[in-house]
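Student: the sequence and its predicted three-dimensional model are supplied below.
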Amino acid sequence: MNKVVIVGGGFAGVKCAKVLGASKKVNVTLFNPVNHMVFTPLLADVAGSSLNPRAITAPLRQMLKNVHCRSERVLEVDPEARELTYQRYDGSIGRTGFDELVIAVGNRVDLGRVPGMVTNALPLKSIGDAIAMRQRVMERLEQADACEDSDRRRWLTSFVVIGGGFSGVEVAGEINDLAQHALKYYDNILPDDIQVTLIHSREQILPEVNSRLRDFAIARMKKHGVKFVLQARASVVTRRGVELNSGEMIEGGTVVCTIGNTATDLVQRLAVETEGGRVVTDPDMQVKGHPGLWAVGDCAWVPNQHDGKTAPPTAQFAERQGRQAAQNILRKVAGSATRPFSFKPVGVAAGIGGRRGVAELLGVRVAGFPAFWLWRSAFLVKLPSFLQKIKVGFDWAFELVFPREISAFNGAGTQPVSRSFFAAGETIIDSHSAGRTLYAVEKGECEIIQPGDKSGEDRVLAVVGGGELIGSHTLNSFGKENVALRARTNIEAISLAGDFMQRMSATLKPVETLLRRAMLTHQPFWESAPEALSLLENATCADLMRDPPARSFERTSRVLEAFDGLRQSGQDLALVRDDAELVGLVTRTDLIAGLEHGTGATVEQVMSRQPAVVASGENCVIAANMMRDRGFKWLPVVDTREQRRVVGVLYADDVLAYVLSKMSLSPASA
């Protein structure tokens with residue numbers, strides 16, 4: 001009996017397995033990382049607390065007869081050897097052969113397209129995403145109810161959704177419904193505090209439906225309080241909200257992303273032709289150039305014979321592809337000719353909140369409550385098991401009679417280490433909100449500032465760069481009540497929970513030493529001499545800098561020649577420039593180590609990239625802090641931090657000598 005392996009337990013994979021299992025003519029195995037199927041079109045309903053999470057999942061083993069289900073992750077496929085590699089339950093690697101292989105792995109979320117989206121936006125792709133989103137909404141309402149600051153309260157109850165397709169519209173409507181329905185239980189939140197904003201790059205939302213239905217959807221959602229920002233793209237996502245390509249900031253305490261899908265790791269590793277991250281197939285859904293290898297669902301680029309177009313990645317197309325692929329496999333096993341995929345869609349439908357929807361079924365356009373009823377009824381019919389139909393039907397009936405569940409469960413485990421992103425100009429912590437979290441800066445620079453009043457400018461006290469450990473101790477070391485830590489450039493950092501670091505330091509002495517050094521290193525040496533602070537604040541780096549060193553190198557300079565040049569000049573290190581721009585620093589030690597790469601090694605291979613610098617117009621407090629914190633004896637001075645053209649060098653000894661001379665002290669007496 002032929003062995004058919006299906007990878008993926010979504011609409012396409014499950015339908016294919018059902019048809020093949022019912023035939024009893026082939027041996028069917030289905031691989032899926034979890035033991036259930038998720039009815040993804042209803043994820044927004046879970047996020048809006050109008051459906052129980054269990055009602056949109058179906059156990060694969062109960063649903064699929066005559067199918068061997070395995071909850072193991074497939075890693076690679078070798079079409080030539082007719083073999084796939086998977087990870088066993090214990091982490092070891094297993095292999096199994098196949099006669100026919102169906103790839104139905106869907107796609108995955110790619111939040112990396114917009115800076116800050118990975119750390120500051122919530123996706124909606126899995127049941128876990130939907131639960132986390134509902135949890136976030138309820139947490140924000142709880143926080144807002146306890147918040148006395150009206151501006152902060154409005155930020156907490158503002159929700160921003162990126163993407164105006166089906167998922168974006170549905171989740172915006174559901175979040176708005178949940179927040180509006182919960183208002184009566186929160187005495188301190190006003191109706192005007194709730195704001196849901198949907199951002200879409202096109203002129204209209206829901207591009208798949210008729211223009212009249214789109215207009216109805218927008219009008220109805222606006223009536224219920226949803227705001228639309230159209231023909232705009234997100235350029236960066238911060239903790240404040242979403243910055244658009246126009247520079248406008250849409251503030252919100254919760255950002256939801258429904259855009260940015262990409263190919264799964266398995267598809268990316270397949271040596272087959274792809275289009276837009278989807279596997280290109282022949283008309284019968286066999287992978288182009290690989291007979292016996294089939295691709296269906298969202299991961300497949302399948303031509304539709306009905307209209308000559310490529311089938312869109314939707315549930316109804318995925319389900320029909322799974323059915324027809326199974327039928328083609330049975331035809332092939334029987335020695336018959338396969339048939340091209342052909343399907344005329346029944347229609348489209350979407351919920352828009354407020355128990356309203358828009359739908360176009362069999363050419364008939366419907367809007368309002370009838371469309372909402374048709375939309376949900378169509379999904380109810382398509383649910384893969386009778387038990388699912390009963391569970392979902394009861395959930396919907398329950399919602400029509402009883403209020404939505406507003407309990408805020410936190411099922412997430414403790415995550416002491418996570419990633420953070422801060423946009424340039426964003427406040428990381430201030431003296432009023434400083435917690436116990438520590439941040440290890442990976443990329444970028446931040447600055448310690450003393451905010452000015454409404455008419456004055458902020459005063460920069462110090463600049464902190466990559467490799468530094470920052471937190472409330474960084475602010476406390478300045479001994480001032482009103483100080484803040486602000487991103488000078490875009491910052492990528494690792495967040496470390498304070499209690500976690502304490503537990504670590506109790507076990508690892510080097511960590512304790514690192515923490516102690518981080519907490520003490522920012523104590524300014526002039527705290528006991530306010531006159532010195534005033535002198536350094538009023539002196540710029542340009543006032544005290546020397547001419548740049550005569551010896552510098554290009555990226556392409558040979559290591560051997562550079563070492564000889566440093567030896568002859570008596571310098572310990574030199575600048576590396578690209579034209580006039582500073583791109584690195586190189587020391588004698590670096591050059592000696594570089595000789596291991598051979599005499600042809602270049603300076604670029606061993607230099608320290610993007611070295612710390614000060615701008616000529618910056619005051620000497622910033623420079624003194626940088627040299628003290630990093631143990632530098634001197635710093636390159638550039639015209640601006642953006643251009644990085646070297647104009648001089650500032651030495652720590654010169655800064656100290658300047659202060660002592662102005663304070664009428666000689667170096668000898670000091």
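Tutor: Perfect, thanks for sending it.
Student: so what's residue 626 up against?
Tutor: 462, 463, 465, 612, 614, 632, 635 (C-beta atoms under 8 Å, 6 or more residues apart in numbering). Quick note: C-beta positions are derived from backbone N, CA and C, even for glycine.
Student: quick check, nearest of those to residue 2?
Tutor: If you rank those by distance to residue 2 using C-beta to C-beta, residue 465 comes first, at 61.6 Å.
Student: what residues are up against that closest one?
Tutor: By C-beta under 8 Å, 6+ apart, the contact list for residue 465 reads 441, 444, 445, 612, 626, 630.
Student: for residue 95, see how far away it is.
Tutor: Using C-beta to C-beta, to the nearest Å, one gets 48 Å for the distance from residue 465 to residue 95.
Student: do residue 550 as well
Tutor: 64 Å.
Student: quick one: which of those two has more around it?
Tutor: The residue with more neighbours, out of residue 550 and residue 95, is residue 95; 12 against 8, by other C-beta atoms under 10 Å.
Student: what bridges to that one?
Tutor: Applying DSSP bridges to residue 95 gives these bridge partners: residue 85.
Student: strands along the stretch 51-200 of the chain, start to end?
Tutor: 57-59, 67-70, 73-78, 83-87, 93-97, 100-103, 108-109, 122-123, 158-162, 195-200 (DSSP state E, counting those that start in this stretch).
Student: of the contacts of residue 465, keep whichever come out buried.
Tutor: Burial by neighbour count, judged by 16 or more other C-beta atoms under 10 Å, picks out 441, 444, 445, 612, 626 from the contacts of residue 465.
Student: so the third one sits against residue 490, correct?
Tutor: Right, residue 445. No. Counting by C-beta atoms under 8 Å, no contact exists between residue 445 and residue 490, whose distance comes to 9.5 Å.
Student: of the contacts of residue 465, which is the nearest to residue 114?
Tutor: Lowest distance from residue 114 to those (C-beta to C-beta) belongs to residue 444, with 17.0 Å.
Student: and the gap between that closest one and residue 490?
Tutor: Going from residue 444 to residue 490 by C-beta to C-beta gives 5 Å.
Student: shared neighbours, those two?
Tutor: Each of residue 422 lies in contact with both residue 444 and residue 490 under the rule C-beta under 8 Å, 6+ apart.
Student: show me the two of the contacts of residue 465 that sit farthest apart.
Tutor: Longest span within these, C-beta to C-beta: 444 and 630, 15.5 Å.
Student: circling back: between the contacts of residue 626, which is nearest residue 321?
Tutor: residue 465 (52.2 Å).
Student: can you give me the neighbour number for residue 218?
Tutor: 20.
Student: in space, what's closest to residue 547 - neighbours in sequence excluded?
Tutor: Once flanking residues are discounted, residue 547 sits nearest to residue 648: 6.0 Å by C-beta to C-beta, 6 or more residues apart in numbering.
Student: distance of that neighbour from residue 655?
Tutor: According to C-beta to C-beta, residue 648 stands 13 Å off from residue 655.
Student: the closest residue to residue 263 other than its chain neighbours - how many residues pack around it?
Tutor: Among residues not flanking residue 263 along the chain, residue 277 sits closest, at 3.6 Å (C-beta to C-beta, 6+ apart). The local packing of residue 277 (other C-beta under 10 Å) involves 17 other residues.
Student: just the pLDDT for the residue most central in space within the chain.
Tutor: Nearest residue to the geometric centre of the chain (C-alpha atoms, centre = their mean): residue 118, 1.0 Å. Looking at residue 118, its pLDDT stands at 89.
Student: all helices for the stretch 401-550 of the chain, in order.
Tutor: 472-476, 498-507, 509-520, 530-537, 541-544 (DSSP state H, counting those that start in this stretch).
Student: these: lowest mean pLDDT?
Tutor: Per-stretch mean pLDDT for those is lowest at helix 509-520 (a mean of 50).
Student: could I get the full set of strands for the stretch 551-670 of the chain?
Tutor: Residue ranges of the strands in the stretch 551-670 of the chain, as given by DSSP E, counting those that start in this stretch, are 552-554, 573-578, 581-587, 608-609, 614-615, 634-638, 646-651.
Student: enumerate the positions of the last one that are buried.
Tutor: Spelled out, it's strand 646-651. Within strand 646-651, the residues scored as buried using 16+ other C-beta under 10 Å are 646, 647, 648, 649, 650, 651.
Student: kindly report the same for the third one.
Tutor: Within strand 581-587, the residues scored as buried using 16+ other C-beta under 10 Å are 582, 583, 584, 585, 586, 587.
Student: before we move on, what about the second one?
Tutor: Using 16+ other C-beta under 10 Å as the test for burial, strand 573-578 gives 573, 574, 575, 576, 577.
Student: coming back round to it: of the contacts of residue 626, closest to residue 306?
Tutor: Distance to residue 306, by C-beta to C-beta, is smallest for residue 465 among these, at 59.0 Å.
Student: now the closest one: how far from residue 444?
Tutor: Counting by C-beta to C-beta, the gap from residue 465 to residue 444 is 8 Å.
Student: so what's residue 293 bridging to?
Tutor: In beta-bridge terms (that is, DSSP bridges), residue 293 pairs with residue 101.
Student: need the contact list for it.
Tutor: Applying C-beta under 8 Å, 6+ apart, the residues near residue 293 are 77, 79, 101, 103, 272, 286, 287.
Student: okay, and for the stretch 551-670 of the chain, where does confidence drop off?
Tutor: Applying pLDDT under 70 to the stretch 551-670 of the chain picks out residues 596, 598-599, 664-670.
Student: where do the helices sit along it?
Tutor: 559-569, 588-594, 620-630, 652-662.
Student: among those, which is the most enclosed?
Tutor: Neighbour counts (mean count of other C-beta atoms under 10 Å) averaged over each of the helices of the stretch 551-670 of the chain peak at helix 620-630, with a mean of 22.
Student: next, the angle from that one to helix 652-662.
Tutor: Helix 620-630 runs at 130 degrees relative to helix 652-662, counting by axes from the mean of the first three to the mean of the last three C-alpha atoms, to 10 degrees.
Student: what angle separates helix 620-630 from strand 634-638?
Tutor: On the basis of the same axes, to 10 degrees, helix 620-630 is oriented at 140 degrees to strand 634-638.
Student: okay, the nearest residue to residue 120 once chain neighbours are set aside: pLDDT?
Tutor: Nearest residue to residue 120, sequence neighbours excluded (C-beta to C-beta, 6+ apart): residue 237, at 4.5 Å. On pLDDT, residue 237 comes in at 96.
Student: hmm, residue 237 is touching residue 122, no?
Tutor: No. Residue 237 sits out of contact with residue 122 when judged by C-beta under 8 Å, with a separation of 10.5 Å.
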